[in-house]
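Student: Mind looking at a prediction? Sequence and model below.
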Amino acid sequence: QVQLVESGGGLVQAGGSLRVSCAASARTFIFSIYTMAWFRQAPGKEREYVAAISRSGGSTYYADTVKGRFTISRDNAKNTVYLQMNKMKPEDTAVYYCAAKETYGLANVGYNYWGQGTQVTVSS
């Protein structure tokens, strides 16, 4: 069973930056075989697929709502994936979830491991 633990959420002013992290662990675990992603969900809204990164880190996906402002990265030596959020907007306010899947590809399918989420609030 893979465990994902997010950290780094908090309160930031509009236009500011924040980085959230997700540390992965398991009893027998090879982080580099997992495609990793960030989702977010705001109150009263559907969950949004925000960003994803391939096993090697060579390919990424971004939702149009965050493209050019957010950057996903991973450090396979540290079993950690990051989401750097710049030029933040109040509409970025949400609970951000880390997710993982063993399957190949950046499509929003097959994510079967989830973190507990971290709250990000952007004030106007």
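Tutor: Yes, it's here.

Student: doesn't Leu4 make contact with Ala26?
Tutor: No: here Ala26 lies out of contact with Leu4, judged by C-beta atoms under 8 Å, at a distance of 9.6 Å. C-beta: built from backbone N, CA, C; applies to glycine.

Student: In terms of neighbours, single out the busier of those two.
Tutor: Leu4 (22 against 15; other C-beta atoms under 10 Å).

Student: Return the residues in contact with that one.
Tutor: 22-24, 98-100, 113-115 (C-beta atoms under 8 Å, 6 or more residues apart in numbering).

Student: From those residues, list the buried ones, please.
Tutor: Among the contacts of Leu4, those scoring as buried are 22-24, 98-100, 113, 115 (criterion: 16 or more other C-beta atoms under 10 Å).

Student: Closest one of these to Ser59?
Tutor: Closest approach between the buried ones among the contacts of Leu4 and Ser59, by C-beta to C-beta: Ala100, at 15.6 Å.

Student: partners of that closest one in the sheet?
Tutor: For Ala100, the beta-bridge partners under DSSP bridges are Met36, Tyr113.

Student: Check what pLDDT it gets.
Tutor: Here, the pLDDT recorded for Ala100 equals 96.

Student: measure it to Val66 for me?
Tutor: Distance from Ala100 to Val66, counting by C-beta to C-beta, to the nearest Å: 19 Å.

Student: repeat for Tyr82
Tutor: Applying C-beta to C-beta to Tyr82 and Val66 gives a distance of 14 Å.

Student: Going along the chain, name the strands of the protein.
Tutor: 3-7, 10-13, 18-25, 35-41, 48-53, 60-62, 70-75, 80-85, 94-101, 113-114, 118-123 (DSSP state E).

Student: Looking at the contacts of Leu4, spot the one nearest Ser32.
Tutor: Using C-beta to C-beta, those come closest to Ser32 at Ala24, 10.5 Å.

Student: ok, now which ones touch Ala99?
Tutor: Ala99 is in contact with 4, 36-39, 111, 113-115, counting by C-beta under 8 Å, 6+ apart.

Student: who are the neighbours in contact with Tyr111?
Tutor: Tyr111 neighbours (C-beta under 8 Å, 6+ apart): 37, 39, 99-101.
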